[in-house]
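Participant: Fold the following.
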Amino acid sequence: MNNYSCVNAEYTVYITNFLDVNTTVSVHCKSADDDLGTHIVSYGDNFNWSFNINFFRTTLFYCDMSTSKGDLKDQ
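Facilitator: Numbers count the residues shown, from 1 in each chain. You can find the predicted model right below:
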């Protein structure tokens, strides 16, 4: 695969909730250019988005996730 095809490739990210039937997950993802907003993901559902890597290959998304029990990093 050459570098050109990597830059033009489309990537899809899926965040699926399989934590607990009675637990929803709040997901807020963003990059330097795009804020995808906050999404509430119920058990068995997913939140997904697609993106292309920019020409300089610096595309980067960050996501904060929490449940009614607190931040996922604390569990």
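Participant: Check which element follows the helix or strand hosting residue 47 along the chain.
Facilitator: In the assignment (DSSP states H and E), residue 47 maps to strand 46-52. The first helix or strand that comes after strand 46-52 along the chain, using DSSP H and E, is strand 62-67.
Participant: Name every sheet partner of the strand holding residue 47 and say whether each one runs parallel or antiparallel.
Facilitator: When pairing is defined by DSSP bridges, strand 46-52 lines up against strand 10-16 (antiparallel).
Participant: Report how many residues lie close to the nearest residue to residue 15 once chain neighbours are set aside.
Facilitator: Spatially, and ignoring its direct neighbours in sequence, residue 15 is nearest to residue 47 (5.0 Å; CB to CB, 6 or more residues apart in numbering). In this view, the C-beta of every residue, glycine as well, is placed from N, C-alpha and C. Residues lying near residue 47 (other CB atoms under 10 Å) number 20.
Participant: Now do the same contact list for residue 47.
Facilitator: Contact analysis of residue 47 by CB atoms under 8 Å, 6 or more residues apart in numbering lists 14-15, 27, 39, 41.
Participant: Please spell out the PyMOL selection for the buried subset of these.
Facilitator: Buried residues within the contacts of residue 47, by 16 or more other CB atoms under 10 Å, are selected in PyMOL with:
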select buried, resi 15+27+39+41
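Participant: now, the most widely separated pair of the contacts of residue 47?
Facilitator: Distance extremes for the contacts of residue 47: the farthest pair is 14 and 39 at 12.0 Å, using CB to CB.
Participant: how much space is there between residue 22 and residue 13?
Facilitator: Taking CB to CB, to the nearest Å as the measure, residue 22 falls 25 Å from residue 13.
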